[in-house]
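could you look at this predicted model? Sequence included:
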Amino acid sequence: AQTVTQSQPEMSVQEAETVTLSCTYDTSESDYYLFWYKQPPSRQMILVIRQEAYKQQNATENRFSVNFQKAAKSFSLKISDSQLGDAAMYFCAYRSAVNSGAGSYQLTFGKGTKLSVIP
Amino acid sequence: GAGVSQSPSNKVTEKGKDVELRCDPISGHTALYWYRQSLGQGLEFLIYFQGNSAPDKSGLPSDRFSAERTGGSVSTLTIQRTQQEDSAVYLCASSLTGSLHFGNGTRLTVT
């Protein structure tokens, strides 16, 4: 079974600075997707960024970018020019791209990193 | 169109009662997921529906939990004989291309 590990329960960053959230995962598959989701106090999980494992180029979405290291099974999220609205829980998630039976298409989530932004 | 809609937003119930939680996915999304998030924890997969295929129930924690999806759209998660450990936020998500789009969840409190 796949596992996702977020080793930083809490992080803080000064407004306008850059912060990197870590994520590692364990899988024997070669084809999969990785995601970062943001969960503000409103509870809704918001997709921040998505990476397909077959793509070597790191995904970027405005101020958000990832450092995807497939061999190391690492998928960190970099937030540039941090804003107060970035304060939230951030979850890293893994999803298989192959149907191998029950549970194949579920997202497996890490336990999350709580990000605080200091004005 | 509209996002994923869940109701009720909050539900308080007495131990032993049955509850039903509703999810209205994004129109056209063929996949629907239920997850449970306990306080301070990540998300725990419960069940997955894909089109007309048999649902993947591999995450349901006990036979007190069941879910159905009528007409390939709205889904209902039912918890029978609720226990205090069932208290959590229940999140529904729908998907078309692999990225999940979540609703705001139902916070269930069992007293």
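Structure received. Numbering: from 1, shown residues only, chains lettered A, B, ... in the order given.

so where's the chain shaky on pLDDT?
Since no chain was named, I'll use chain A. Residue ranges of chain A with pLDDT under 70: A:1, A:99-104.

that was the other one, I meant chain B.
B:1.

near chain A, which residues of it show up?
Contact residues, chain B versus chain A (CB under 8 Å from any CB of the partner chain): B:31, B:33, B:41-43, B:45, B:48, B:50, B:56-59, B:89, B:91, B:93, B:98-105, B:107. Yep, even glycine has a C-beta here, placed from its N, CA and C like the rest.

try it again with 7 Å
B:33, B:41-43, B:45, B:48, B:56, B:58-59, B:89, B:91, B:98-100, B:102, B:104-105 (CB under 7 Å from any CB of the partner chain).

near chain B, which residues of chain A?
Counting by CB under 7 Å from any CB, chain A sits next to chain B at A:33, A:35, A:42-45, A:47, A:50, A:91, A:95, A:102-103, A:105-107, A:109-112.

just to revisit the earlier point, from the residues of chain B next to chain A, list the buried ones, please.
B:33, B:42-43, B:45, B:48, B:56, B:59, B:89, B:91, B:100, B:102, B:104-105 (16 or more other CB atoms under 10 Å in any protein chain shown).

adding secondary structure, write these out as a markdown table.
Formatted as a markdown table, these follow (DSSP: H, G, I helix; E, B strand; the rest coil):
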| residue | secondary structure |
| --- | --- |
| B:Tyr33 | strand |
| B:Gly42 | coil |
| B:Leu43 | strand |
| B:Phe45 | strand |
| B:Tyr48 | strand |
| B:Asp56 | strand |
| B:Gly59 | coil |
| B:Val89 | strand |
| B:Leu91 | strand |
| B:Leu100 | coil |
| B:Phe102 | strand |
| B:Asn104 | coil |
| B:Gly105 | coil |
